[in-house]
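S.K.: Here is a sequence with its predicted model. Questions after.
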Amino acid sequence: QDGAPAAAAPAAAAPVAAAPVAAAPAAATGTGGDVLSTLQSLQGPGEVWGADGIAVGKEESDLRGYDNFGKFFDLIQSTGVAAELQGA
């Protein structure tokens with residue numbers, strides 16, 4: 001050895017604590033909203049032009065609009081599911 005003190009053994013790593021689990025959001029109370037009005041107002045994912053946009057002067061990644069839940073909402077209204085959800 002060269003006369004230098006021996007290096008201490010590395011300390012054991014401290015256990016890593018798990019990240020806390022996020023709590024579920026509390027149910028809204030007193031807002032007067034129901035599942036159907038929420039569904040009707042939700043904004044779906046953005047829809048881009050893609051290759052069709054080039055012909056009309058748009059970039060492929062330009063936003064064309066949103067794929068909302070209107071068609072689904074209309075279908076549950078026409079089949080009676082909406083009435084069941086509202087308790088009628």
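M.R.: In hand now; what should we look at? As the structure is a computational prediction, the values presented were derived from the model and not from experiment.
S.K.: what's the neighbour count on residue 73?
M.R.: Burial of residue 73 is recorded as 17 neighbouring residues (other Cβ atoms under 10 Å). Where you see a C-beta, it was placed from the backbone N, CA and C, and this is true even at glycine.
S.K.: what's the helix or strand for it?
M.R.: Following DSSP states H and E, one finds residue 73 within helix 70-79.
S.K.: Report all helices and strands that that helix contacts.
M.R.: For helix 70-79, the helices and strands in contact under the criterion 3 or more Cβ pairs under 8 Å, 6 or more residues apart in numbering; DSSP states H and E are helix 35-41, helix 81-85.
S.K.: Using a markdown table, please lay out these together with mean pLDDT.
M.R.: As requested, the helices and strands packed on helix 70-79 are arranged in a markdown table below (pLDDT from 0 to 100):
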| stretch | mean pLDDT |
| --- | --- |
| helix 35-41 | 88 |
| helix 81-85 | 89 |
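S.K.: what would these look like in JSON lines with mean neighbour count and distance to residue 54?
M.R.: Converted to JSON lines, these look like this (neighbours: other Cβ atoms under 10 Å; distance: least, Cβ to Cβ, whole Å):
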{"stretch": "helix 35-41", "mean neighbour count": "13", "distance to residue 54": "33"}
{"stretch": "helix 81-85", "mean neighbour count": "13", "distance to residue 54": "40"}
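S.K.: quick one, which of those is nearest to residue 73?
M.R.: helix 35-41 (5.1 Å; Cβ to Cβ).
S.K.: Contacts for that closest one next, please.
M.R.: 69-70, 72-73, 76, 82, 85-86 (Cβ atoms under 8 Å, 6 or more residues apart in numbering).
S.K.: run the last query once more with 6 Å
M.R.: Under the criterion Cβ atoms under 6 Å, 6 or more residues apart in numbering, residues 69, 73, 82, 85 lie in contact with helix 35-41.
S.K.: Would you mind measuring from the last one to residue 43?
M.R.: From residue 85 over to residue 43 the distance is 20 Å, taken as Cβ to Cβ, to the nearest Å.
S.K.: What of the second one?
M.R.: Computed as Cβ to Cβ, the residue 73 to residue 43 distance reads 13 Å.
S.K.: for this protein, what are the low-confidence residue spans?
M.R.: Applying pLDDT under 70 to the chain flags residues 1-33, 88.
S.K.: That's all I had, so thanks and see you.
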